[in-house]
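> here are the coordinates; sequence isn't available:
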């Protein structure tokens, strides 16, 4: 990185302020009752560079549900378990241009979900794991990849998910009916709901981002957690598909591998090594954290983190 | 770049051989009569690094029609003329997941085309230019950006395009009917057809790629041809949307900003500076040059050109 | 018919009053400038039984543009010229469930338009005629089928249509691009625009309805104008597809072969013989005349005209 | 009816022969394992006129599963229980132009299913009943409307349905997720699967058709089984939506209210009174019995049963 720690700290604080300023323009997700309880004004940010620098701002310790960000962990698990070909013979890698819970393309263009970053694709990817890994195994993996042994299943969110997750249940049965689902639909969807209900904070996400940025190696222990080849896949798909149907715009305006969740979380893995985790439950129309997107826009522009800024 | 000229030369030759080997698996485009006349076995490649290295292999001097690669030049022209906001208030920047000539999303999801790299989006972008720039102006710009004063309008292709381009004509009238087209439909479509009919070769494309890779500056004259801010936009959209509905897969497997055309051309602008131009009219099912994609896969993997290989 | 002329007259007057009462709930079509000039309060009705009974109410002499009702005449012409198989090998006979100007199904389900009562299907049907019949021939046929020698081309509407008919122009080029259009696109669309611009009144439509109801025979002259086999086809398609995406509901609630136009016209051909023509330019959300639909609902219910009321 | 019993008998025998001749062009449904076991050459027909005439031909006593024909009984039940408005405020009455198990329109055009004759609409209609009527109540009603006390639940088919009915399960959860389903999804889908698994024969269907043709009255007992207003609704929707995406063509070519099932059954309720039940498990591409459609074409043409042949 071409910038000093001072510049990093100063820019992060500015970015936090910019993000915080935009929080009031967003709206907390309402389609899962438990999410609707979040404080719309909450905003937190955590930044790590893997060489000892760390900075937590605002509500960076506040726990919230990981939601769609678990799709990154699910994909990592499948790459570990089944490899690249064993994964992508069951799910595609194209951005869909549709919203996260769309089934249109699944029913008109292809029997395979378009990519693992939308609901249909993540559910399908869980089905690749469900006969070999239990939820507990995936929880353990999540803790490891987020360097956060305190991640737990948020039972209230989980029950909220599984009671109101009818569209996701429709998706799993549609996949089953097309003959592509690789495990039992109820087992699959249960693990999926649980993985959406993991309780993380901005620091957990920053750590996940750092490991992805640092080529799969935990910089603190020196241990490799994800194969380099798989990290490249994660980064590419986070870049092209990580921000729902705002991915293209985020790719132009911010330009870093990222994944958002409707719980308000955002993980970013720019070239660095650097990991950024953000939390702001007030969402924009695409389901991304309003403040987190704005904060990253400032951070990327000022520190020239854009992947295509060379 | 971390590799020597020797390695570069050797790898390029290997990549060329790999690409050449795959040519027989593709099929020449048939929907425009003039394209169907291409030699399916033709294959050429040109590589430039901006510091004096250049290498031409196979049919690298063979002229062919630029087709969709002109979408990059059209977008560059609009960014120059109208700026970022003046362009993207009229066309979106999302990958669509649909084929290059799809009108589905245009008629169901949004009145604005999804991005400037698909037909609807490029036609719309031409309409942003058509009242200020003539085709001759755009031809002149194309020559400048490709460092190739010999680019001409291939009249046979142009007539072939305009006679059989009924779907594109349907698109321009659909855009007009939605009230978003910014110029006269016949004027717009005529310029679009002409821009698809520019006669280029692998070297022209390599030069275009080099300028985009070199941050918008012609490394030979030192002159800035495209603003740095606009180059970043071009690269990002080439990455997410440049290879039709294979863009996501190309992003994972090759990972460089690229744009293909059904005439068999491919331009790549990896980190470098480096420009690669390829020609192989035998296409895959997505409309991309079969050999060119395979050659780039080898080149990117061996030289570690992948944007997310950091 | 089981009812007396007195009952017929009384019911028609009631139906007219019911229709008139609903006029204020509709809105005049605005997408063609010339249509927007219509008086939203206008309402007229004409009824004929072929045995000497006729009744004109309200604005029954007011001329207006026939719009989509000409689709019935276009289909009749094609059946005469090319026969049943010669017509329906080029256009389907399925209700589409989509709006009148939809192209979705045309681009996803089938290369042939779903039926001759939607724009795409009527344009396609015109292409079956355009090399054998001039607009003047079709005008002459229209006059004959409507028993109205005074039908003329409304030049103001025609120019309004052809200037703003971009979506229809998109449709004709889409049909051309799919290789199904059977004549020149510009010639085809020009005849289509002219056929939409015929100037009729409620009496013209009542006469058209009467002839269709009377098995194709002009009851006044005793001359056969349409073959009996073709009349059955017209009635069936008017029943299943004649009221845009309200056809199913109209089929349940009113239950007579009918065709509406966005100029405010409605022709009905119930079992009788009976012909009903209505005019009310204030339209509902589906593009049907608000008052005319309500009037027919009353008429059908009271006189038991419903095709499935046996 | 204008024809003698002799003509009726003779024509029915001819129609049976025509249908039988076409049986070999169809294919037995394979998506439910139990259906795949049917004899592709089986063909039966039963005809009743309510005035003592009855005729059974071929495999008219053979029992098979009612499948989609139960949608008519489900709609009748909802009209009885909730009335016209209480039913059609929850399901639309438009033909969809899509296949019987389509969810496209449900997810793009409307939250309510397009009509009660497609899977989504029938499942939705079951949800209107499920809190008031048990399956046993519906079985009892089915027996009454088919004048067949021997109708039972075919357990093998039911288990086959419920094990492989993943797409229908997807539909019920999609309806739930849209907030329109009116009962518990599992309870609803279970009743739906059971209703598809009723074991009927050609005579049961002929009786159902006769009652619908005879204005809702059982001609043998003189008892009214369905209100006249509801019969008109059933006939209309059978006409516009009863034959999947072949409904429009059947409406033109045959022209009688009808409903088919993928078990090979077909019920017809022409003007008469007359009821026709057919059985031929070899289906055409739309899911209708190949032989039954051909037989009805002959019967309707010869006896002039077409609703729009007046």
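Perfect, I can see it now. Note that the structure is a prediction, hence the values are computed from the model and not measured.
> Indicate the residue of the stretch 201-310 of chain A located nearest to chain C.
Closest contact between the stretch 201-310 of chain A and chain C, by C-beta to the nearest C-beta, is at residue A:245 (19.6 Å). Yep, even glycine has a C-beta here, placed from its N, CA and C like the rest.
> repeat for the stretch 101-250 of chain A
Closest residue of the stretch 101-250 of chain A to chain C, C-beta to the nearest C-beta: residue A:108 (6.6 Å).
> List the buried residues of stretch A:141-150.
A:141, A:142, A:143, A:144, A:145, A:146, A:147, A:148 (16 or more other C-beta atoms under 10 Å in any protein chain shown).
> what's the closest non-adjacent residue to the last one?
What that stands for is residue A:148. Closest residue in space to residue A:148, ignoring its immediate chain neighbours: residue A:204 at 4.1 Å, by C-beta to C-beta, 6 or more residues apart in numbering or on different chains.
> what about residue A:111, how many neighbours?
12 (other C-beta atoms under 10 Å in any protein chain shown).
> Could you check how far the most centrally placed residue in chain A is from residue A:241?
Taking C-alpha atoms, centre = their mean as the criterion, residue A:69 is the residue nearest the geometric centre of chain A, at 2.2 Å. Using C-beta to C-beta, to the nearest Å, residue A:69 is found at 13 Å from residue A:241.
> And residue A:151, by the same measure?
Distance, residue A:151 to residue A:241, by C-beta to C-beta: 24 Å.
> for residue A:52, same thing?
33 Å.
> Same question for residue A:217.
From residue A:217 over to residue A:241 the distance is 24 Å, taken as C-beta to C-beta.
> repeat for residue A:90
Distance, residue A:90 to residue A:241, using C-beta to C-beta: 16 Å.
> Residue A:5 now?
Noted for residue A:5: a distance of 33 Å to residue A:241, by C-beta to C-beta.
> Of those two, which one has the most company?
A count of neighbours by other C-beta under 10 Å puts residue A:241 above the other of residue A:5 and residue A:241, at 30 against 13.
> Quick one: neighbours of residue A:124, just the number.
Other residues near residue A:124 come to 31 when the count uses other C-beta under 10 Å.
> which residues touch it?
Neighbour list for residue A:124: A:90, A:91, A:112, A:113, A:116, A:175, A:180, A:181, A:182 [criterion: C-beta atoms under 8 Å, 6 or more residues apart in numbering or on different chains].
> Filter those residues down to the buried ones.
So, by 16+ other C-beta under 10 Å, the buried ones in the contacts of residue A:124 are A:90, A:91, A:112, A:113, A:116, A:175, A:180, A:181, A:182.
> Inside helices: which ones of those residues?
Residues of the buried ones among the contacts of residue A:124 located in helices (DSSP state H): residue A:175.
> In CSV, list the buried ones among the contacts of residue A:124 along with pLDDT and distance to chain C.
Below are the buried ones among the contacts of residue A:124 laid out as CSV (pLDDT from 0 to 100; distance: C-beta to the nearest C-beta, whole Å):
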residue, pLDDT, distance to chain C
A:90, 97, 25
A:91, 97, 23
A:112, 93, 19
A:113, 94, 19
A:116, 97, 26
A:175, 95, 21
A:180, 96, 21
A:181, 97, 25
A:182, 98, 29
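> Which strands or helices does the worst-scoring helix or strand of chain A on mean pLDDT pack on?
Taking mean pLDDT, DSSP states H and E as the measure, helix A:104-108 is the helix or strand of chain A with the lowest mean score, a mean of 73. Contacts defined by 3 or more C-beta pairs under 8 Å, 6 or more residues apart in numbering or on different chains; DSSP states H and E place helix A:104-108 against helix A:166-177, helix D:104-108.
> So which of the ones you listed is the most surrounded?
Most buried of the helices and strands packed on helix A:104-108, by mean neighbour count (mean count of other C-beta atoms under 10 Å in any protein chain shown): helix A:166-177, with a mean of 25.
> Pull out the buried positions in the helix or strand following that helix.
Going down the chain from helix A:166-177, the next helix or strand is helix A:185-196, by DSSP states H and E. Across helix A:185-196, burial judged by 16+ other C-beta under 10 Å covers A:185, A:187, A:188, A:189, A:190, A:191, A:192, A:193, A:194, A:195, A:196.
> In its sheet, which strands sit next to the next helix or strand after helix A:185-196, and in what direction?
Counting by DSSP H and E, the element after helix A:185-196 in chain order, helix or strand, is strand A:198-200. Paired strands of strand A:198-200, with direction, are strand A:64-65 (antiparallel), strand A:152-153 (antiparallel) (DSSP bridges).
> Same list (those) but as TSV, adding distance to residue D:159.
As requested, the strands paired with strand A:198-200 are exported to TSV (distance: least, C-beta to C-beta, whole Å):
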stretch	distance to residue D:159
strand A:64-65	39
strand A:152-153	35
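> Including mean neighbour count and mean pLDDT, could those go into JSON lines?
Output for these, formatted as JSON lines (neighbours: other C-beta atoms under 10 Å in any protein chain shown; pLDDT from 0 to 100):
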{"stretch": "strand A:64-65", "mean neighbour count": "28", "mean pLDDT": "98"}
{"stretch": "strand A:152-153", "mean neighbour count": "15", "mean pLDDT": "98"}
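> What about residue A:58, how many residues nearby?
Per other C-beta under 10 Å, the neighbour tally for residue A:58 reads 21.
> which residue packs closest to it, ignoring adjacent ones?
In space, and not counting its chain neighbours, residue A:58 is closest to residue A:44: 4.3 Å by C-beta to C-beta, 6+ apart.
> so who does the one you found touch?
A:56, A:57, A:58, A:59, A:60, A:61, A:62, A:201, A:202, A:278, A:279, A:280.
> make it 6 Å
A:58, A:59, A:60, A:62, A:202, A:279 (C-beta atoms under 6 Å, 6 or more residues apart in numbering or on different chains).
> One more: residue A:309?
Taking C-beta under 6 Å, 6+ apart as the test, what residue A:309 contacts is residue B:232.
> try 8 Å this time
Here residue A:309 is in contact with A:255, B:232 (C-beta under 8 Å, 6+ apart).
> That one in helix, strand or coil?
Secondary structure, DSSP: H, G, I helix; E, B strand; the rest coil: residue A:309 is coil.
> now it: how far from residue A:232?
Taken as C-beta to C-beta, the span from residue A:309 to residue A:232 is 19 Å.
> and what of residue A:290?
30 Å.
> hang on, the earlier thing: so for residue B:155, which of the strands paired with strand A:198-200 sits nearest?
Of all the strands paired with strand A:198-200, strand A:64-65 sits nearest to residue B:155, with 61.6 Å by C-beta to C-beta.
> residues making contact with the closest one?
Under C-beta under 8 Å, 6+ apart, the answer for strand A:64-65 is A:34-35, A:38, A:154, A:157, A:196-201, A:261, A:263-265, A:279, A:281.
> between the helix or strand following it and helix A:185-196, what angle do the directions make?
Using DSSP H and E, the helix or strand that follows strand A:64-65 towards the C-terminus is helix A:70-88. Interaxial angle of helix A:70-88 relative to helix A:185-196 (axes from the mean of the first three to the mean of the last three C-alpha atoms, to 10 degrees): 140 degrees.
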